[in-house]
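A.B. asks: The following comprises the amino acid sequence and a computationally predicted model.
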Amino acid sequence: MPRYRILPHTADVGIVATGDTLEAVFENAAFGLFDLVFDLAQVEPAQECAVEAEGETLGELLVAWLSALLAEAEIRDLALGSFHVEMLGGGRLRGRAAGAAAAGRELRGPPVKAVTYHGLMVEEGPGGWEARVLFDV
């Protein structure tokens, strides 16, 4: 099963992330987000950051998780490529991400400015979990 696939969109860029578990789909959505911008095969997990997120729905939790990662990456100037999520219940998660300095790296695509709620979906199906999310670039 691929970690994510790109959604065609006229103005923004989106992905559909998949995973066997809810944690895996959140991790794969984060991977997809940063893989759109950087070639993550070239990113060694040299620096780590921890984030917490909360949301009333799974979609809101996904947006909060990805937005927190974007903020950490921007503040620390990191290309994040490794992700771990622990669902805490009650609409909360704790996660870790690791990556390397973004400065000097060639961009694969335009930088992501924000995670949007447009077309947002997180659901479990017969083959596992799937999340659809669009990014403002």
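C.D. replies: In hand now; what should we look at?

A.B. asks: And the residue nearest to the spatial centre of the chain, what's its pLDDT?
C.D. replies: Closest to where the C-alpha atoms of the chain average out (Cα atoms, centre = their mean) is Ala30, at 1.8 Å. Note on Ala30: pLDDT of 98.

A.B. asks: what do you get for the one 10 residues further on?
C.D. replies: Looking at Leu40, its pLDDT reads 91.

A.B. asks: Could you pull up phi and psi at the nearest residue to it once chain neighbours are set aside?
C.D. replies: Distances taken as Cβ to Cβ, 6 or more residues apart in numbering place Gly81 nearest to Leu40, at 4.0 Å, with adjacent residues excluded. Yep, even glycine has a C-beta here, placed from its N, CA and C like the rest. Gly81 has phi and psi values of phi -140, psi 0 when expressed as degrees, to the nearest 10.

A.B. asks: contacting residues for Gly81?
C.D. replies: For Gly81, the contacting residues are 31, 34-35, 38, 40, 43, 45, 98-100, by Cβ atoms under 8 Å, 6 or more residues apart in numbering.

A.B. asks: and if you look at Val85?
C.D. replies: Counted by Cβ under 8 Å, 6+ apart, Val85 has contacts 23, 26-27, 65, 93-95.

A.B. asks: if we go to 10 Å?
C.D. replies: 19, 21-30, 51, 53, 61, 65, 93-97 (Cβ atoms under 10 Å, 6 or more residues apart in numbering).

A.B. asks: do the same with Gln42
C.D. replies: So Gln42 contacts 79, 81, 100, 105-106, 108 (Cβ under 10 Å, 6+ apart).

A.B. asks: wait, is Ala17 part of a strand?
C.D. replies: Yes: counting by DSSP: H, G, I helix; E, B strand; the rest coil, Ala17 is found in a strand.

A.B. asks: Show me what it is bridged to.
C.D. replies: Assessed by DSSP bridges, Ala17 has beta-bridge partners Tyr4, Ala131.

A.B. asks: ok, it to Asp39 distance?
C.D. replies: 18 Å (Cβ to Cβ, to the nearest Å).
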